[in-house]
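Below: sequence and its predicted model.
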Amino acid sequence: MTDRWIRNAVAGRLVDPDERRSFPAIDPTDGRVFARVHEADADLVDRAVSAARAALDGPWSRWSAAARADLLRRVADRIEQRAEEFVAAEVADTGKPVAEARRLDVARAVANFRAFADIASRADQPSFLTELPDGGQALNYAVRSPLGVVAVIVPWNLPLLLLTWKVAPALGCGNAVVVKPSEETPSTATLLAEVLTECGLPAGAYNVVHGFGPGSAGDFLVRHPGIDGVTFTGSSATGTAIMRSVASRVRPVSFELGGKNAALVFDDADLDLTIAGLTRSVFANTGQVCLCTERVYVQRSVFDDVASRLVAAAQGLRLGRPEAATTTTGPLISAGHRDKVLSYYQAAAEAGATVLTGGGVPTLGAGLDGGWWIEPTLWSGLTNADRPVRDEIFGPAAVLIPFDTEDEAVTLANDTEYGLAAAVWTTNLARGHRVAQRMRVGVSWVNTWFLRDLRSPFGGRGLSGIGREGGEFSVDFYTELTNVCVQI
Ligand code: NAD
Ligand code: 6OD
């Protein structure tokens, strides 16, 4: 049994753990318990919300936007200085390759703090000079104030990236936050508490409560009367449950939810670029990115070529220890999640899919067989009516389906209740623009995938979410506007 604890953070201090309330932190590469996590009870969640309220009512409320921006820049610098600690914590929780944690997760955390230092401190406010019927004038101007105590609930797939994507703008706009990281990936939220305190954030402006959803810290937090809004990233089912919990008190929500994203490959696509892009978009982070492609629609004349090249790329992926330079692909996050993904492998087989590659659980040896490994998988022979083509799988698996015309491709891609992301692969730029605009999604890429400018709107339609964050859209969510009207 390990004696290492992952702690809650309340009012600027790490809370002493309670031996009676803990759950294990498990390394997904081998199933080993490496720490115990202190599960926050309702009382601790209440203390966290009170600490956040006290910070809002205290000196934090008098910090200028410029001072808050300086703080965010110091935090970015400090994460860079302590980068290897963040990498190690993220890898321990997720099992992802070390190089990937460095290149994507930690680098984006730094970028999130730097970007929102600029964005939040430069946010403008609308003003209007109103002409009155009697010839007089009125000046209308709006002032922004923080939304208040914000509940931040995040998932396990990109824990630090998605946490800082919300915490940086929330703090930049002067809010106080209570963060509930995923029970699967608690480490980096607590490490961030240390860094924020080192950088001078007032006590209580950032609090962490660990635990689960229903009947645990997540539920206690979203039902707490002291919160002023909820920003949530996670599954569409949980988003629906949280919306119900928050509805009774009429609080704003921002929801970034699941996806069932399509790629559309036209016969004029640059196939080298396309195969490299599809390989990333289907298999990055073992398929555990909300933006991952799970449906690949391919124009019939290039279908066989695309299929065989994508299969070769999938077979070139290397599953293995996170620290090995050759490793491209980690395990899934948990036993439960692997069971879910495998149930779709089974459903595809029952629906008569042709398994082009993968389809099962690999044997890796070297002490890894206790982990949650799974084979990267591609299918053909399914249609949009089949469950593996309709439901979000959230694993390293995609189906290839042929199409003949542009209109047919658009119809097939839009035939889903989700609406998060799409990627169009073509060398005909007119077609690229045309098709990208016809996608019913929040993010539509042409000849690329997961290329981000943090000033642009990010979010989803339908089952994929409510609202947009990024740039001024984050500022809009994390602030309230008061319009002042002065008759002149
Ligand atoms: P999840 O919905 O199971 O959990 C997300 C978080 O919500 C966790 O911290 C969990 O403890 C908490 N939670 C669960 N039930 C709750 C409740 N009733 N009240 C309050 N909190 C509750 O999601 P997950 O399995 O951690 O993550 C995978 C999902 O997240 C996928 O569906 C993926 O598409 C989605 N996701 C979306 C985006 C996006 O930007 N759109 C990004 C990443 C992940
Ligand atoms: O890049 C981002 O800002 C973002 N929110 C990515 C979400 C990835 C989903 O797993």
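It's in. Ligands and ions are numbered 1, 2, ... in the order given.

does stretch 395-413 come close to ligand 1?
No: contact check for stretch 395-413 against ligand 1, using C-beta under 6 Å from any ligand atom: none in range, with a minimum separation of 10.8 Å. Any C-beta I mention is one placed from the backbone N, CA and C, and that applies to glycine too.

What is the end-to-end distance of that stretch?
The separation between the terminal residues of stretch 395-413, taken as C-alpha to C-alpha, to the nearest Å, is 19 Å.

Point out where the stretch 301-450 of the chain drops to low pLDDT.
Low-confidence regions of the stretch 301-450 of the chain, defined here as pLDDT under 70, do not occur.

So which bits of the protein are right by ligand 2?
Looking at ligand 2, the residues of the chain close enough under C-beta under 6 Å from any ligand atom are 157-158, 162, 165, 256, 289-291, 452, 458.

right, and out of the residues you listed, which lies closest to Gly330?
Sorting the residues of the chain next to ligand 2 by distance to Gly330 puts Asn157 at the head of the list, at 11.2 Å, by C-beta to C-beta.

Count the neighbours of the closest one for me.
A count of neighbours around Asn157, defined by other C-beta atoms under 10 Å, yields 24.

residues from the stretch 51-200 of the chain in reach of ligand 1?
153-157, 162, 180, 182-183.

could you dump these to CSV with pLDDT and secondary structure?
Written out in CSV, the entries for those read as follows (pLDDT from 0 to 100; DSSP: H, G, I helix; E, B strand; the rest coil):
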residue, pLDDT, secondary structure
Ile153, 98, strand
Val154, 98, coil
Pro155, 98, coil
Trp156, 98, coil
Asn157, 98, coil
Leu162, 98, helix
Lys180, 98, strand
Ser182, 98, coil
Glu183, 98, coil
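
Counting neighbours, which of those residues comes out on top?
For those, the largest neighbour count, defined by other C-beta under 10 Å, is 29 neighbours, found at Lys180.

List the residues that contact it.
With contact taken as C-beta atoms under 8 Å, 6 or more residues apart in numbering, Lys180 is in contact with 151-154, 208-211, 217-218, 221.

Kindly state the beta-bridge partners for it.
Lys180 has these beta-bridge partners by DSSP bridges: Ile153.

Neighbours of the nearest residue to Lys260 once chain neighbours are set aside, how many?
By the measure of C-beta to C-beta, 6 or more residues apart in numbering, the closest residue to Lys260 outside its immediate chain neighbours is Tyr418, 4.3 Å from it. Tyr418: 25 surrounding residues under other C-beta under 10 Å.

so how far is Val87 from the residue nearest the centre of the chain?
Ranked by distance to the mean C-alpha position of the chain (C-alpha atoms, centre = their mean), the top residue is Leu162 at 4.4 Å. Counting by C-beta to C-beta, to the nearest Å, the separation of Leu162 from Val87 is 16 Å.

and if you look at Thr286?
17 Å.

ok, these two, which is more surrounded?
When Thr286 and Val87 are compared for neighbours, Thr286 comes out ahead with 31 against 22, by other C-beta under 10 Å.
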